[in-house]
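J.: structure for this input, please:
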Amino acid sequence: MRKNLLVLLFGLPALISINTATAQSTVHEYKFENGLKLLVKEDHRAPVVVSQVWYKVGASSEYNGITGVSHVLEHMMFKGTDKFKPGEFSKVIKENGGRDNAFTGRDYTAYFQLLEKSRLNVSFEMEADRMRNLTLPEEEFKKEVEVVKEERRMRTDDKPRSLTYEQFNSTAYDNNPYKNPIIGWMNDLDNMNIGDLRDWYQKWYAPNNATVVVVGDVDPEEVHVLAQKYFGPLKSEEIASLKPRKERPQLGPRRVTVRVPAQVPYILMGYKVPVLRTVEHDWEPYALEVLASVLSGSRSSRLPKILVRDKQIAVSADVSYNMHAKYDEIFLFDATPAQGQTIDAVQQAIMEQIENIKKTKVSEAELNRIKAQVIAGDVYEKDSVFYQAMVIGTLETAGLKWQMADEYLGKIKAVTAEQVQQVAQKYLVGNHQTVAVLEPQSMENEKQSPHNPVSTRH
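T.: Numbers count the residues shown, from 1 in each chain. Prediction:
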């Protein structure tokens, strides 16, 4: 299971700030006149700082014909401004003893640097510059879009499980934008041009569509002054508004079969469920989070214990759920049959575990053990300044509030066995089910590919 996961006015003579830090958090929130939001969290355990710039645009903002444009633009953000030449951004960060990278998600695009605390100004200067001043040379675009296409081949087209996941999403969703892959459809990449990127950059990359998150050994007011120096002068932009894209009700089960050269079969099974932004009852996402852990949170959870070790029906069986998404998500099961076992046997075994939870409440002992594991995992992850910034940025960019990070443990502790049973009964139902099955085909005639997985390093 993964879970993923600050108002000020210009005054005279200086920008007035309001400290919104709570007893549970040292986050400080500032908002500039141009709409930029700055969130700073102190963590003085090591003399380092992570700086992240989050833009409220990702794959879910795209439409047919330009899928993948957010990810291609992420690559192009390293290809220069009038002030910095292509590739110079990462070179400067490295020369200052830091590291940097970027990532594109369904609901956001983010850029980060991890530096010694005294070098934060280096990050701010270059991030502010490329926020508004990308040159977007066509010759660089032509090279980079080919890099992205090759990335798609290596990570999706040449990977049977990734292809199956892509087919699963396109089958599960009708009008929810999550049906499209973050990297884009190959046809759209083939037909993308530099004008598409220039329009996308102009439309979304502006201070009033961005959040700067800083976590580390810093003084919040000093960070605020530094951010004002570099980001404050940037002009805001008229940000595009998106029409509501609410998924229509699913009226029956769906199933898709993927037949490609592969070594072992694989199954994905999922149910549409709400998230924090879309749920009617605010406790339900937390109950779904606990349910995911009951089923697959650790080696002692039900699927690994019963399906993998006890009955040896599967060699792996997992569950995932993301409550911090912008649109309704999928409560997702994935599994690989053990040798001699079938996909149908694995699916039936998973369904038995779902039905058991629907019929019989989780015991208090099991519930307390699961909660302890979830809480321990959350506390452990907060040891990382990068993860702390990720949680803040994800919440804020998904249209939630960073304060929800402080509510998480309390909400998890409050989940009852009855609530876990209720969300299973309400959402894990046949008419909302989608299944994707990978049926391996002979690999004898497959063209051998030299590709190996690569990082997102630019």
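
J.: need the distance between the two termini of stretch 217-237.
T.: Start-to-end span of stretch 217-237 (C-alpha to C-alpha, to the nearest Å) is 32 Å.

J.: can you tell me what sits against that stretch?
T.: 15, 17, 19, 26, 28, 30, 32-36, 38, 40, 42-49, 117, 120-121, 124-125, 127-128, 131-132, 202-203, 205-209, 212, 214 (C-beta atoms under 8 Å, 6 or more residues apart in numbering). Where you see a C-beta, it was placed from the backbone N, CA and C, and this is true even at glycine.

J.: now a PyMOL select for only the buried ones of these.
T.: Those of the contacts of stretch 217-237 that count as buried under 16 or more other C-beta atoms under 10 Å are selected in PyMOL with:
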select buried, resi 15+17+28+30+32+34+35+36+38+40+42+43+48+49+117+120+124+125+127+128+131+132+205+206+207+208+209+212+214
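
J.: narrow the contacts of stretch 217-237 to those in helices?
T.: Judged by DSSP state H, helices contain the following of those: L120, N121, F124, E125, E127, A128, M131, R132, Q202, K203.

J.: burial measure for the nearest residue to S442 once chain neighbours are set aside, as a count.
T.: Excluding the flanking residues, the one nearest S442 by C-beta to C-beta, 6 or more residues apart in numbering is P261, at 6.6 Å. Neighbour count for P261, taken as other C-beta atoms under 10 Å: 14.

J.: specify the beta-bridge partners of P261.
T.: Beta bridges link P261 to Q441 when assigned by DSSP bridges.

J.: touching, it and E439? I think so.
T.: No. With contact defined as C-beta atoms under 8 Å, P261 does not count as touching E439 (10.8 Å).

J.: what about the residue nearest to S442, distance to Y427?
T.: Distance, P261 to Y427, using C-beta to C-beta, to the nearest Å: 35 Å.

J.: secondary structure class for A240?
T.: Classification of A240 using DSSP: H, G, I helix; E, B strand; the rest coil returns coil.

J.: and the closest residue to it other than its chain neighbours, how far from P220?
T.: Leaving aside its chain neighbours, A240 sits nearest to K203 (4.9 Å; criterion: C-beta to C-beta, 6+ apart). Separation of K203 from P220 (C-beta to C-beta) stands at 31 Å.

J.: now stretch 370-379: buried residues?
T.: Neighbour counts over stretch 370-379 (16+ other C-beta under 10 Å) mark I370, K371, Q373, V374, G377, D378 as buried.

J.: beyond the helix or strand containing the first one, next helix or strand please.
T.: Pointing back at I370 there. I370 is part of helix 364-381 when elements are defined by DSSP states H and E. Going down the chain from helix 364-381, the next helix or strand is helix 385-397, by DSSP H and E.

J.: could you point out which element follows that following helix?
T.: Counting by DSSP H and E, the next helix or strand C-terminal to helix 385-397 is helix 404-414.

J.: which secondary structure elements does that next one contact?
T.: The contact analysis (3 or more C-beta pairs under 8 Å, 6 or more residues apart in numbering; DSSP states H and E) places helix 404-414 against helix 284-296, helix 364-381, helix 385-397.

J.: highest mean neighbour count out of those helices?
T.: Mean neighbour count (mean count of other C-beta atoms under 10 Å) peaks for helix 284-296 among these, with a mean of 25.

J.: list the buried ones in whatever helix or strand E355 lives in?
T.: Using DSSP H and E, the element containing E355 is helix 343-359. Residues I343, A345, V346, Q347, A349, I350, Q353, I354, I357 are the ones in helix 343-359 that count as buried (16+ other C-beta under 10 Å).

J.: go on, stretch 308-327?
T.: By neighbour count with 16+ other C-beta under 10 Å, stretch 308-327 contains the buried residues 308, 313-314, 317-327.

J.: phi, psi for R259 please.
T.: Per-residue torsions, R259: phi -120, psi 100 (degrees, to the nearest 10).

J.: do F331 as well
T.: Taking degrees, to the nearest 10, you get phi -80, psi 110 for the backbone angles of F331.

J.: surely it and M269 touch.
T.: No. Counting by C-beta under 8 Å, F331 sits too far from M269 to count as a contact (9.5 Å).

J.: looking at these two, which has the bigger crowd around it?
T.: M269 (25 against 22).

J.: partner strands of the helix or strand containing that one and their direction?
T.: Take DSSP H and E as the rule and M269 turns out to sit in strand 266-273. In the sheet, strand 266-273 lines up against strand 329-337 (antiparallel), strand 433-441 (antiparallel) (DSSP bridges).

J.: quick one: low-confidence ranges for this protein?
T.: Residues of the chain that meet the criterion pLDDT under 70 lie in 1-25, 444-458.

J.: give me that answer again for 50
T.: Low-confidence segments of the chain, defined by pLDDT under 50: 1-24, 447-458.
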